[in-house]
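S.K.: heads up, no residue letters with this:
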């Protein structure tokens, strides 16, 4: 019994075979093109979760490697900086040995010490990508800054921790307080408290106490007049003002400028003030200059502040008197210092000494310097709306800075010519060198730890990527063979279909 197969049924079978062959071919081509076995969630839903976990672990591992790289930059920069400090201390030791033997001028050595302090400031204010490496967590604040002849630490003691693995962290920085010694804590002022020039100001007190050079000055005005004014008998600023006015017959008048910082001459411009016979009188008075107009203002020649300086004479305190309260936090206690009754800087000093046991205020280079009798860090802040701590320039954190403190002491000893004190600096230099060596060993250990952490992370990354590859990547040889087989199958299906559907007149008539 014969069975008739309809053309439509035959067509459906052939079309289904063609579609299946084409789908298989496209799937093999997609895997060959992406080199992955799974290209969508539908390919293997159960494997997708494993792949996502591996991708998350690889991303975390990549972050850890990036942390190690950044940490290495900080640690390497720290090591370089410490080497620089060590080299600088070696030069300081050489200077101390030379000066204690009196082989050169102490005044020349003072300049050398200043240069070495500047070099240490540059070294310890090193930054990596804009972040200061010795400031603790205050990475945007330079750790060390000058305040007159004193160097202050502006950072904190915090460590920066870097995560170098799934369950491991390590400190990568050295806070600047690692260079602190063990004598006292201090906070140097940041406001110039030099008093205004007054007619009664002694010329010997000008230029922050450096005085002036006696002699005569020359004055030229715009009408061609030339005067020589002898100031050798002057004692006060008022004497200079009177001598200039009298010596020029009133054609040029002398005064103190409105800010109270310098001498000012007024006459027919241009005005020129100069020296006579190579003297230095005009320069010491800050007036060796030329003004295009008829008003010449000299440079700042104010006297140094001292305990007797009235607060009302300090330009920096204009509009800020009377003072209010200052809050000092030290050794777990906060003290409130009332400065409302202070009239002179001595009153400010007395108020601190009476309120905070073991803390005193000194006046150095026309700034206030607070010194505490221990190495504990202390904090000075404004106690009320008067902002008195800010006005006096003493708001901030104080702490001992012995690295620079040693150089400050050495500089002072050189200026005094104190050979015993100069020789004594060698002991502290030895202690500092030992400390730097310990810090170098600590930094070297961190470099080794980072090397080990990087090796572990790279091995872990390799394992994770290998496992991920097993889950989602193709077997290249197998896919190549399957792709070739799929192409052959699809081409064969096309050939069969074309043979079965060859239609001509004779076949149709049959």
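M.R.: Right, received. Where do you want to start? As the structure is a prediction and not an experimental result, all values here were calculated from the model.
S.K.: please, where are all the strands along the stretch 151-300 of the chain?
M.R.: 161-165, 168-171, 185-188, 216-220, 226-230, 253-256, 263-266, 271-275, 290-291, 295-297 (DSSP state E, counting those that start in this stretch).
S.K.: measure how buried residue 326 is and give me the count.
M.R.: Applying other CB atoms under 10 Å, we find 30 residues neighbouring residue 326. The C-beta positions use only the backbone N, C-alpha and C, and glycine is treated the same way.
S.K.: do residue 96 as well
M.R.: Residue 96 has 22 nearby residues by other CB under 10 Å.
S.K.: just the pLDDT for it.
M.R.: Residue 96 carries a pLDDT value of 84.
S.K.: now do the one 4 residues further on
M.R.: At residue 100, the predicted lDDT confidence score is 68.
S.K.: now the one 3 residues further on
M.R.: Note on residue 103: pLDDT of 48.
S.K.: cool, residue 206 as well?
M.R.: 88.
S.K.: what sits against it?
M.R.: By CB atoms under 8 Å, 6 or more residues apart in numbering, the contact list for residue 206 reads 197, 212, 237, 284-285, 301-303.
S.K.: now do the SS call for the nearest residue to it once chain neighbours are set aside.
M.R.: Distances taken as CB to CB, 6 or more residues apart in numbering place residue 301 nearest to residue 206, at 4.8 Å, with adjacent residues excluded. At residue 301 the chain is in coil, as set by DSSP: H, G, I helix; E, B strand; the rest coil.
S.K.: on that earlier part again, select, out of the strands of the stretch 151-300 of the chain, the one closest to residue 150.
M.R.: Minimum separation from residue 150 across these (CB to CB) falls at strand 185-188, 4.3 Å.
S.K.: quick one: low-confidence parts of the stretch 201-350 of the chain?
M.R.: Counting by pLDDT under 70, the stretch 201-350 of the chain shows no low-confidence range.
S.K.: burial measure for the nearest residue in space to residue 297 that is not next to it in sequence, as a count.
M.R.: With sequence-adjacent residues excluded and distances taken as CB to CB, 6+ apart, residue 297 is closest to residue 264, at 4.8 Å. The number of residues packed near residue 264 is 19, by other CB under 10 Å.
S.K.: and for residue 258?
M.R.: 9.
S.K.: report the separation between it and residue 297.
M.R.: Distance of residue 258 to residue 297, computed by CB to CB, to the nearest Å: 9 Å.
S.K.: endpoints of stretch 324-342, how far apart?
M.R.: Stretch 324-342 has its terminal residues 9 Å apart, counting by CA to CA, to the nearest Å.
S.K.: chain center to that stretch, what's the gap?
M.R.: Distance, stretch centre to chain centre, for stretch 324-342: 30 Å (CA atoms, centre = their mean, to the nearest Å).
S.K.: list the contacts of that stretch.
M.R.: Outside of stretch 324-342, the residues within contact range by CB under 8 Å, 6+ apart are 311, 322-323, 347-348, 351-352, 355-356, 359, 372, 374, 376, 378-389, 392, 394.
S.K.: restricted to buried residues, select those residues in PyMOL.
M.R.: The PyMOL command for the buried members of the contacts of stretch 324-342 (criterion: 16 or more other CB atoms under 10 Å) is given here:
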select buried, resi 311+323+347+348+351+352+355+356+359+372+378+380+381+382+383+386+387+388+389+392+394
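S.K.: among the contacts of stretch 324-342, name the ones in strands.
M.R.: Using DSSP state E, 359, 372, 378-382 are the members of the contacts of stretch 324-342 that sit in strands.
S.K.: any idea how many residues pack against the residue lying closest to residue 261 once chain neighbours are set aside?
M.R.: Leaving aside its sequence neighbours, residue 261 sits nearest to residue 300 (CB to CB, 6+ apart; 4.5 Å). Residue 300 has 16 neighbours, counted by other CB under 10 Å.
S.K.: what backbone torsions are found at residue 300?
M.R.: phi -70, psi 120 (degrees, to the nearest 10).
S.K.: wait, it touches residue 263, no?
M.R.: No - Residue 300 is beyond contact range of residue 263, at 10.4 Å (criterion: CB atoms under 8 Å).
S.K.: what do those two both touch?
M.R.: residue 286.
S.K.: from residue 219, how far off is the residue nearest to residue 261?
M.R.: Shown here: residue 300 relative to residue 219, a distance of 21 Å by CB to CB.
S.K.: what's the answer for residue 273, then?
M.R.: Distance, residue 273 to residue 219, by CB to CB: 6 Å.
S.K.: hmm, back to that, ok, so of the contacts of residue 206, who is nearest residue 410?
M.R.: residue 303 (27.5 Å).
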